[in-house]
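> just the structure for this:
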Amino acid sequence: MKITWFNLKLAEGQASLNENSITLNKMAMSPFEGAYRVKVGMDEKNNIIIQPLSKDYISHMNLNENDYLGIQITKSYARINSKELMNLVSSCLKLNLGKEAIKYPAKYNENEDHLVILTGKGE
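Okay, here's the model as predicted:
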């Protein structure tokens, strides 16, 4: 009997964006449970990319403190708080981010070890 095991890391999660933060639900946050910090960027399709970073990785790569952000992790969600980041995201995606969150699906790319927030703003 062949069994296919489910990998919850690969399940689709949800990310909420507001004027101050990116919040990941329980499914989306699973790859970040051991993360010390994160890198946030954008791909050519205007999807938001979040990569978990370990303390060892940061110290070995001699990263500048402006290259990564802190992440708060609780039992039910993870949050990246940065008004500056959200201003950049808002500008790049032409979003009007306020107190009310805008929700997007998020998928973990296991090969690249990063989360992709599917903004639907790509070309």
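> distance from the chain centre to the biggest strand by length in the chain, please.
As assigned by DSSP state E, the longest strand anywhere in the chain is strand 102-109. Centre-to-centre, strand 102-109 and its host chain are 8 Å apart (C-alpha atoms, centre = their mean, to the nearest Å).
> which sections of the chain are below the confidence cut-off?
Residues of the chain meeting the criterion pLDDT under 70: 7-11, 121-123.
> show me what the longest helix along it is packed against.
For the chain, the longest helix by residue count, based on DSSP state H, is helix 83-93. Counting contacts by 3 or more C-beta pairs under 8 Å, 6 or more residues apart in numbering; DSSP states H and E, helix 83-93 packs against strand 21-25, strand 37-42. Quick note: C-beta positions are derived from backbone N, CA and C, even for glycine.
> picking up where we left off before, buried sites along the longest strand of the chain?
104, 106-108 (16 or more other C-beta atoms under 10 Å).
> just give me the closest of the residues you listed to M1.
Y108 (28.2 Å; C-beta to C-beta).
> hmm, that closest one is touching S30, no?
Yes. Judged on C-beta atoms under 8 Å, Y108 makes contact with S30 at a distance of 7.4 Å.
> okay, now Q14: neighbour count?
17 (other C-beta atoms under 10 Å).
> bridging residues for it?
For Q14, the beta-bridge partners are P105 (DSSP bridges).
> same thing with the one 10 residues further on?
Beta bridges link L24 to A15, A78, judged by DSSP bridges.
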